[in-house]
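Undergrad: Generate a structure from the sequence data that follows.
(2 chains)
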Amino acid sequence: MGAANKQCCCCQSMRASDERYQKLADIIARYAGQPGALIPVLHQAQEVFGYLPQDVQVLIAEGLDVPLSEVDGVITFYSLFTSQPKGKYTIGVCMGTACYVKGAAAVLEELKQQLGVDVNGTSADGLFTLNVTRCVGACGLAPVMTIGEDVYGRMKPEAVREILDKYIQAEQQAKA
Amino acid sequence: MTMAVYRLHALVCAGAGCVSSNCKAVEAALQDELKKAGIADEVKVVETGCIGTCDLGPLIVVYPEGVFYQRLTPDDAREIVNEHFIKGRIVKRLLYRPSEGAEPVARTSDMDFFRRQYRIALRNTGVINPEVIEEYIARDGYTALGKVLSSMTREEVIDEIKRSGLRGRGGAGFPTGLKWEFAYKAPGDEKYVVCNADEGDPGAFMDRSILEGDPHSVIEAMCIAGYAIGAKQGFVYVRAEYPLAVQRLSKAIHQAREYGLLGKNIFGTDFSFDIEIRVGAGAFVCGEETALLTSIEGKRGEPRPRPPFPAVKGVFGKPTLLNNVETYANICPIILNGADWFAKIGTEKSRGTKVFAVAGDINNTGLVEVPMGTTLREIIFDIGGGIPKGKKFKAAQTGGPSGGCLTEEHLDIPMDYESLTQVGSMMGSGGLIVMDENTCMVDIARFFLEFTRDESCGKCTPCRVGTKRMLEILNRLTEGKGEEGDIEKLEALAKYIKANSLCGLGQSAPNPVLSTLRHFRHEYEAHVREKRCPAGQCPALTNFYIEPELCRGCGLCVKVCPENAISGNRREPHAIDTDRCVKCGACQEKCPFDAIVRR
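TA: Numbers count the residues shown, from 1 in each chain, chains lettered A, B, ... in the order given. Below is the predicted model of the structure:
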């Protein structure tokens, strides 16, 4: 894997001009040699890239001196790590018990319909990725939905469309 | 350093629930209005951790009187400042009312929700600003650590914890002092203290509130534990779903280091101890102790067989003491007030208090801390204010996906470790989900099995395959495809998985099924034999109907139906074509006369 990677000169030059790879190198340098560094490095790398593509995994494996299989094993084990790109906004429908009892399933169903995707899918416009999350600990506001950093409590299926439109409009305005 | 004197203190709850309901905007408006009124130097606005009444946020409590204002909007700030802060008149319309139409209650000391609580672990949450170490110190913070380092031997500390009778608050209820003793006695120069803040049990959020509302209480207790067992390094393993907890804890660690309360030569003694945060990555199984330790090492969080126990072989193969957040939050009061004081609270085998996260179909959701042995009835009806909309209490799930349900007949049992285990449930971490008469217990069991199926790490076969098989049967039942013998198969599988799984996740995964079968077997039988859901919840087994005597023929349901399945003449009872109906429930939501029923 490492050898194949080195032959690919076009990626190397692309990387040189991409400051995200510089950030990744800094992160790796900060943790290299420390015990138990892999998970914190993956967290920060995912923050930089939005996901963990294979070339990033290779760089981390080499930088921390752990087998690539182990890097991949850890990524696939933990649900918050992803090797697939995500939509601009991640929608999380809390499926904790309190939210479930208060009707989170109906909210999720409405989101699926409105976005035309299944759970873990990304909408055609690349704007939203629909996720189901574990208890976010805001049980007093059940059912709860999150979009990016925004939290929407006491959700009802009827409110879904309007909330999605808010993001779509903001996006259109930003483009215009 | 001098502290300014203020006439009033306005505590703004900035717990996770209130942040979600936008308490920051209310706080900003309050500050703004205070400036406009020219009394910003008379009223101090303090951002606190979780006050506990999560569904009433954004909220503020005004001291010295303890006036409680709830469900605020930024527009309310002006009236509070002008009326209350300046003229001394309480703003009645923003007060809490125990029920609709009831007289408002002004003070927290008069509210049943607060009055009946006994706060030890939550002593500071909702009272101090968690981001200011001085506020913690002003409430006896770091006094316990000082006492331990200056006047107690390591053995005396362990003995104090043992005599207090404190047991682990994370689930199994193992005696904390014994755990400390094992780690202390384990041979090895290098030892670790770990805090389990991977609060994954859905519906439990007390650890989150403590970390967000009183992070120093955990840091101080971990230092004491480090001294007692002989460790120099601690780890807090927090789940990634709690970013605010990570942020506040980081800040607190940083402040403690600046004050010489963490790091080298604490209080000028030769004791050194530091803490590092490890953030999880979304795996429920990491709440299991051996899995958590493996995850700290940066690996896949898979559990391993015990023994060796973590006290002998834990993080990086070294002796490790592992307690959960709420357990640590009890340590400093025990050291300061003595083991005898603590042992007087609670029941004979379960000493002290327990924090319950009360949520679901209940009027006052939030965190309540009560002495062990308080009855379920007191928690649900006296503190929690009962079931909304006058519905009937059906069951309460304790212990999350590892626990079981309690029913009406259990309302008066004391809530302690032994009593809960005896009736087929467990204390767990203290999540308490209340369910009303409209909850289908087969569906709830299915929900929990879906959770454990997803979260099974896959290492051992009974859990990996067994939970999947059980879920398949439960799915069949709720879809109306249950067969004779399914219930017996579920029972057999449940017993096998319990007996043969590697870790606590698998061993307890069948509990929700076993416990609902024990108390609601007739509901399972109705699903199998009559293809009927008695609670009227399982979509495949129910239809929507319009009660002709309640329907006024207003036509709202016709407009809202996405499938044009409702018809009828104006001002005459309508009817639903059950063949076309997709059971979305939109008509039921819309009907102003409650004429649409599901059965």
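
Undergrad: C-alpha only now, for contacts and for neighbours.
TA: Fine.

Undergrad: Kindly list the longest helix within chain B.
TA: In chain B, assigned by DSSP state H, the helix with the most residues is helix B:461-478.

Undergrad: what ranges do the strands span in chain A?
TA: Per DSSP state E, chain A carries strands over the ranges A:89-94, A:128-133, A:145-147, A:150-152.

Undergrad: hmm, who's touching the longest helix of chain B?
TA: B:442-443, B:445-446, B:449-450, B:452-453, B:456-458, B:482-483, B:486, B:490, B:493-494, B:496-497, B:500-501, B:506-507, B:509-510, B:524, B:527-528, B:533, B:538, B:540-541 (Cα atoms under 8 Å, 6 or more residues apart in numbering or on different chains).

Undergrad: hang on, B:G88 is in a strand, isn't it?
TA: No - checked against DSSP: H, G, I helix; E, B strand; the rest coil, B:G88 lies outside a strand; its state is coil.

Undergrad: quick one: it from A:G137, how far?
TA: Per Cα to Cα, to the nearest Å, B:G88 is found 36 Å from A:G137.

Undergrad: More neighbours: the two, which one.
TA: Neighbour count, other Cα atoms under 10 Å in any protein chain shown: between B:G88 and A:G137, A:G137 has more, with 28 against 11.

Undergrad: which non-adjacent residue is nearest that one?
TA: B:F205 (5.1 Å; Cα to Cα, 6 or more residues apart in numbering or on different chains).

Undergrad: what ranges of the chain fall below the confidence cut-off?
TA: You didn't pick a chain, so chain A it is. For chain A, the stretches flagged by pLDDT under 70 are A:1-16.

Undergrad: I was after chain B.
TA: Scanning chain B for pLDDT under 70 picks out B:1-3.

Undergrad: got the residues of it near chain A?
TA: Contacts of chain B with chain A, taken as Cα under 8 Å from any Cα of the partner chain, map to B:16-17, B:20-21, B:53-55, B:200-205, B:208, B:241-242, B:278-283, B:296-301, B:359-361, B:365-366, B:400, B:433, B:435, B:439, B:457.

Undergrad: which among the residues you listed end up buried?
TA: Those of the residues of chain B next to chain A that meet the buried threshold are B:16-17, B:20-21, B:53-55, B:200-205, B:208, B:241-242, B:278-283, B:296-301, B:359-361, B:365-366, B:400, B:433, B:435, B:439, B:457, by 16 or more other Cα atoms under 10 Å in any protein chain shown.

Undergrad: Please flag which of the residues you listed sit within strands.
TA: Secondary structure from DSSP E places B:R278, B:V279, B:A359, B:G360, B:G366, B:I433, B:M435 of those in strands.

Undergrad: Near residue 73, how many other residues are there?
TA: Unless you meant another one, I'm taking chain A. Neighbours of A:G73 under the rule other Cα under 10 Å: 13.

Undergrad: Not quite, go with chain B.
TA: The local packing of B:T73 (other Cα under 10 Å) involves 17 other residues.

Undergrad: OK, contacts around the closest residue to it other than its chain neighbours?
TA: Excluding the flanking residues, the one nearest B:T73 by Cα to Cα, 6+ apart is B:V26, at 5.9 Å. For B:V26, the contact set (Cα under 8 Å, 6+ apart) comprises B:P58, B:L72, B:T73, B:P74, B:D75, B:A77.

Undergrad: ok, now which ones touch the residue of chain A found nearest chain B?
TA: At 4.1 Å from chain B, A:G36 is the closest residue in chain A, using Cα to the nearest Cα. By Cα under 8 Å, 6+ apart, the contact set of A:G36 is B:I296, B:E297, B:G298, B:K299.

Undergrad: Fine by me, we can end here.
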